[in-house]
Structures are given as C-alpha cells and as structure tokens.
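J.: Requesting a structural model of the entry that follows:
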Amino acid sequence: MEKFFNFILDGFNQFFRYTGFANLTYGHAIMITVGLIFIYLAITKDYEPLLLIPIGFGILMGNIPFMQDANLQLGVYEPGSVMNYLYFGVLKGIYPPLIFLGIGAMTDFSTLLSNPKLILLGAAAQIGIFGAYTIALLLGFLPEQAASIAIIGGADGPTAIFLSSKLAPELMGAIAISAYSYMALVPVIQPPIMRLLTNDKERKIRMKPPRTVSKTEKIMFPIVGLLLTTFITPSSLPLLGMLFFGNLLKESGVTKRLADTAKGPLIDIVTILIGITVGASTQATTFLTPASIGIFALGAISFMIATTGGVLFAKFMNLFLSEENKINPLIGNSGVSAVPDSARVSQMIGLQYDKTNHLLMHAMAPNVAGVIGSAVAAGIMLSFFVG
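T.: As a prediction, this is how the structure comes out:
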C-alpha cells in the first residue's frame with residue numbers, strides 16, 4: 001500500500017512540475033496583467049480593438065508558464081513550435097508588406113493630391129524618429145538598435161516590425177509592443193500636446209475645401225509615387241512597393257476583386273497573425289528586461305516629439321501663407337502615421353472649439369503622407385546599416 005501511495009505521489013509531483021502553477025514567476029504575472037489591460041482597453045475604451053485584442057491575447061498565450069528545459073515546443077522562441085512557425089512572418093519581415101498592401105487598397109490619397117503642401121506635415125512629424133534615435137544613442141543603445149527603437153515615433157507598427165526584423169531582431173517584441181501601444185493610445189497622448197501648442201484663434205482656422213481630384217491623377221499617383229520614393233530610398237521598396245500597388249488596385253477601377261481581397265480578408269488575416277505572434281513574443285523570460293522598459297519609455301518620447309513637430313511645423317508654414325490658405329495647426333498631429341486615428345483626433349479636437357469646422361478630410365492628407373514618410377525614414381535608416 002505504501003508503495004502504491006508513493007507511486008501516486010510521485011506521479012502527481014511529476015505532473016505538477018509541468019503545470020503553469022509550478023513554473024509561474026512574478027514576470028509571468030506582470031505580463032499576464034499587461035495582456036488583460038490591453039484587452040480591457042480594447043473592449044471598454046475602443047482603443048484600436050483590431051490590434052489590442054490579438055496582441056493582448058497573444059501576451060496571455062506567450063506567458064502561460066511552462067518548463068523551459070522540457071523541449072515541449074510551445075513558446076514562440078522554441079524551434080519547431082507552431083507559434084515559432086507563425087512568428088517567422090514577423091521575424092523575416094513578411095507580414096508588414098502585406099499590411100501595407102491592404103492599407104494602400106483602402107487609402108484615398110485625394111486630399112493629399114488636392115493640397116500637396118500638406119505632405120510637409122507628414123515629413124515634419126518624422127522628426128520624432130530622428131530625435132528618438134539621438135536619445136537612444138546617448139542612452140547606450142547600439143546604432144542599429146537605436147534606429148529600430150526610433151521608428152516607433154512614426155506610430156506605424158508594421159514599419160517598426162519591418163525595420164527591427166532587419167536591424168535588431170533581439171528587440172523585436174519590445175519595439176512592436178511599444179509601436180502598437182502608442183498607435184492605440186493616440187486619443188490619449190496627442191490632445192494635451194495639441195492644446196498646449198495652439199491658441200484659440202488657431203484652433204478655429206477654417207481651411208479651404210479640397211479640390212476635386214481627377215481619376216487620371218489618382219491612377220498616376222501610385223506609379224509616380226513608387227518611382228519617386230523608391231528611387232530615393234530603394235531600401236523601402238518592400239513597404240512602399242506594396243502600399244502603392246494596393247492603391248493602384250483600388251484606383252485602376254478594373255481590379256476591384258483584388259482590391260477588396262487586399263483591404264478585407266488579407267489584411268484581416270495578417271493582422272490576426274501579426275497581433276497574436278507579436279503578443280506571444282513577450283515571454284517574461286526573454287521580454288521583461290530593463291532594455292524593454294527603456295524602449296517603451298523612448299517610444300513615448302519619440303511619439304510626443306513627432307506630434308509636437310507636426311503641430312509646430314503647421315504654425316511655421318502659416319507664417320508664409322495668405323489668410324485664405326492658412327492651415328489649422330490641429331491637423332499637424334496627423335503627420336504620425338496612425339491611420340486614421342490621428343486624423344480623427346484632429347477632427348475631435350477641432351469640433352470642441354468650433355462645432356461646424358470639420359477637419360477630418362484635411363487631416364487625412366498629412367496622415368497618409370505620414371505613412372509614406374515613416375516608410376521612407378525606415379528605408380533611410382536601413383540604408384545606413386545594411387550593406
């Protein structure tokens with residue numbers, strides 16, 4: 001009987017060693033809490049639910065504790081595991097160009113074409129990238145790591161993943177989580193900066209309605225845009241090539257099925273895969289480090305610098321514009337490429353000061369310019385360090 005009892009006890013102990021309860025650490029508990037917060041914000045606050053729910057649930061999956069040396073092939077970093085195969089698309093930069101294809105297929109560049117000077121706001125917002133790059137270098141990060149961290153300032157998750165996959169794959173999880181977190185927190189972070197940097201008169205500036213853009217212009221734009229931007233920065237070809245290709249599918253008028261697939265099922269599938277695997281890459285054993293916390297802080301600084309740069313540059317442009325052509329500086333925040341959330345913030349803040357002044361269409365111009373600008377900035381960074 002005693003032998004049988006010991007056999008049962010040994011079996012239970014063996015089983016317990018493999019459970020999550022036996023392998024739970026404070027790090028796992030912290031990351032599980034973070035995942036739950038992401039899901040809570042997505043459901044109750046409607047903060048980018050299409051991103052935060054997959055990422056939040058991925059964080060939960062990635063932080064289910066298991067015996068690390070048992071070769072169970074469960075985690076995202078364990079060769080041969082299902083999650084490791086899915087993570088391959090993140091690690092090798094496969095998913096971001098597919099996301100850009102869908103973005104291109106759903107984006108209307110008419111407002112940018114009707115008022116081309118607003119592209120300067122998209123360019124000005126990229127100052128956040130280069131500002132954060134400088135700070136990251138001063139904090140001791142390697143140049144390749146600093147470049148990957150800095151791109152968070154563009155508030156463009158796919159671009160951040162693409163660049164870090166090439167330059168700093170060891171920081172991929174922290175960079176991706178930071179980029180997507182700040183994309184989701186656009187309605188929280190940007191309004192105080194916008195109010196601080198503008199006065200009541202500036203917030204009520206009415207901009208001229210956008211002119212009508214011809215079909216020929218819309219078709220020519222992705223072709224000219226591809227040639228111009230990729231001749232300047234060939235390294236950004238995977239992102240910008242797919243962005244402009246998706247837009248041509250939309251604007252050509254003869255590939256509706258392909259455009260609908262790119263902006264519907266395809267981008268949805270890739271969003272699920274990128275969200276769940278990026279979330280799962282935050283295993284506490286590899287993710288919860290001082291460097292990750294530093295990256296998250298640098299991402300916030302980069303994002304705030306980018307917002308500030310866009311708003312201040314709009315004010316600067318107004319010094320040289322006639323009264324009827326002045327720009328409402330509230331659209332300057334849209335230069336960060338969180339499409340269309342930063343443009344919605346411009347609209348929301350503008351309506352608070354004048355309920356008849358709709359800024360959304362105007363804000364979409366720097367917003368889509370920011371998408372192009374962040375990809376160009378990533379290409380510039382990549383050209384410095386790869387080769």
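J.: Contacts only, for residue 210.
T.: Contacts for residue 210 were tallied using C-beta atoms under 8 Å, 6 or more residues apart in numbering; they are 110-111, 114-115, 361-362, 365. Where C-beta positions appear, they are placed from N, C-alpha and C, glycine not excepted.
J.: what comes into contact with whichever strand or helix holds residue 245?
T.: In this structure, residue 245 sits in helix 237-251 according to DSSP states H and E. Contact with helix 237-251 is made by 93, 96-98, 100-107, 109, 158-159, 162, 215, 218-219, 221-223, 225-226, 229-230, 255, 258-259, 262-263, 371-372, 375-376, 378-379, as judged by C-beta under 8 Å, 6+ apart.
J.: Of those, which belong to strands?
T.: Assigned to strands by DSSP state E, none of the contacts of helix 237-251 qualify.
J.: What subset of those is buried?
T.: Members of those that pass the buried threshold by neighbour count (16 or more other C-beta atoms under 10 Å) are listed as 93, 96-98, 100-107, 109, 158-159, 162, 218-219, 221-222, 225-226, 229-230, 258-259, 262-263, 371-372, 375-376, 378-379.
J.: Give me the distance between the closest residue to residue 90 other than its chain neighbours and residue 96.
T.: In this structure, residue 90 finds its nearest non-sequential neighbour in residue 277, 5.3 Å apart by C-beta to C-beta, 6 or more residues apart in numbering. Using C-beta to C-beta, to the nearest Å, residue 277 is found at 12 Å from residue 96.
J.: same check, this time on residue 139
T.: Taking C-beta to C-beta as the measure, residue 139 and residue 96 are separated by 26 Å.
J.: who touches the closest residue to residue 236 other than its chain neighbours in this structure?
T.: If you skip the residues right next to it in sequence, residue 236 has residue 379 as its closest partner in space, 2.9 Å away by C-beta to C-beta, 6+ apart. With contacts defined as C-beta under 8 Å, 6+ apart, residue 379 is in contact with 233-237, 239-240.
J.: ok, those vs residue 166, which is closest?
T.: Each of these was scored against residue 166 by C-beta to C-beta, and residue 235 proved nearest at 8.8 Å.
J.: quick one: that closest one and residue 385 touch, right?
T.: No. Using C-beta atoms under 8 Å, residue 235 is not in contact with residue 385; the gap is 9.7 Å.
J.: which one of those two has more residues nearby?
T.: For residue 235 versus residue 385, neighbours defined as other C-beta atoms under 10 Å are more numerous around residue 235 (22 against 17).
J.: where does the stretch 51-200 of the chain dip in pLDDT?
T.: Counting by pLDDT under 70, the low-confidence segments of the stretch 51-200 of the chain come to 67-72.
J.: give me that answer again for 80
T.: Screening the stretch 51-200 of the chain residue by residue with the criterion pLDDT under 80, one finds the ranges 66-75, 153-155.
J.: quick one: residue 53 and residue 263, what's the gap?
T.: From residue 53 to residue 263 the distance is 20 Å (C-beta to C-beta).
J.: just residue 282 next, same as before
T.: According to C-beta to C-beta, residue 282 and residue 263 sit 29 Å apart.
J.: Check residue 315 too.
T.: Taking C-beta to C-beta as the measure, residue 315 and residue 263 are separated by 35 Å.
J.: if you average pLDDT over stretch 296-309, what comes out?
T.: Stretch 296-309 shows a mean pLDDT of 88.
J.: in that stretch, what counts as buried?
T.: For stretch 296-309, the neighbour count (16+ other C-beta under 10 Å) marks 296, 298-309 as buried.
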